[in-house]
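1. Fold the following for me, if possible:
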Amino acid sequence: RHWNCDTLLCLVGEAFDDHSDGVCGAVVNVRMKGDKLAIWTTDYENKEAITHTGRGWKERLGVPHKVIIGYQSHADTATKSGSTTKNMFVV
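-> Sure, this is the predicted structure:
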């Protein structure tokens, strides 16, 4: 699973251009039903920064264009009532 190292390298290498300062962490959860990768950002309402970061991450991980990556705010995931949370943005 190369995306563990690739995600870390994106974070320490400031791979998100002018929006790198808005990235404040990441988490990788390896699960039986499906792995979860997350990048934490400082401003969940900045659509330009979020989508730019998501596109860059997706490209560096080699994720096919047709695969959708969703962005969810921490507040929404912390208060969710079911197993899924609505995406604020997708790339």
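2. From now on I want contacts and neighbour counts done on CA atoms only, so please keep to that.
-> Noted.
3. how about low-confidence regions in this protein?
-> 1-15, 74, 76-78, 80-84 (pLDDT under 70).
4. where along this structure do the strands fall?
-> 23-29, 36-41, 70-71, 89-90 (DSSP state E).
5. Point out the most buried one among the ones you listed.
-> Mean neighbour count (mean count of other Cα atoms under 10 Å) peaks for strand 70-71 among the strands of the chain, with a mean of 18.
6. Partner strands of that strand, with direction?
-> strand 89-90 (antiparallel) (DSSP bridges).
7. Contacts for the strand it pairs with, please.
-> Lys47, Ile50, Thr51, Ile68, Ile69, Gly70, Tyr71, Gln72 (Cα atoms under 8 Å, 6 or more residues apart in numbering).
8. biggest separation within those, which pair?
-> Longest distance between any two of the contacts of strand 89-90 is 15.9 Å, between Lys47 and Ile68; criterion Cα to Cα.
9. Look at those two and report which has more neighbours.
-> Counted by other Cα atoms under 10 Å, Lys47 and Ile68 do not tie: Lys47 has more neighbours, with 14 against 11.
10. Could you check how far that one is from Val63?
-> 20 Å (Cα to Cα, to the nearest Å).
11. and if you look at Thr42?
-> 24 Å.
12. what's Val67 sitting at in phi/psi?
-> Main-chain torsions, Val67, degrees, to the nearest 10: phi -80, psi 130.
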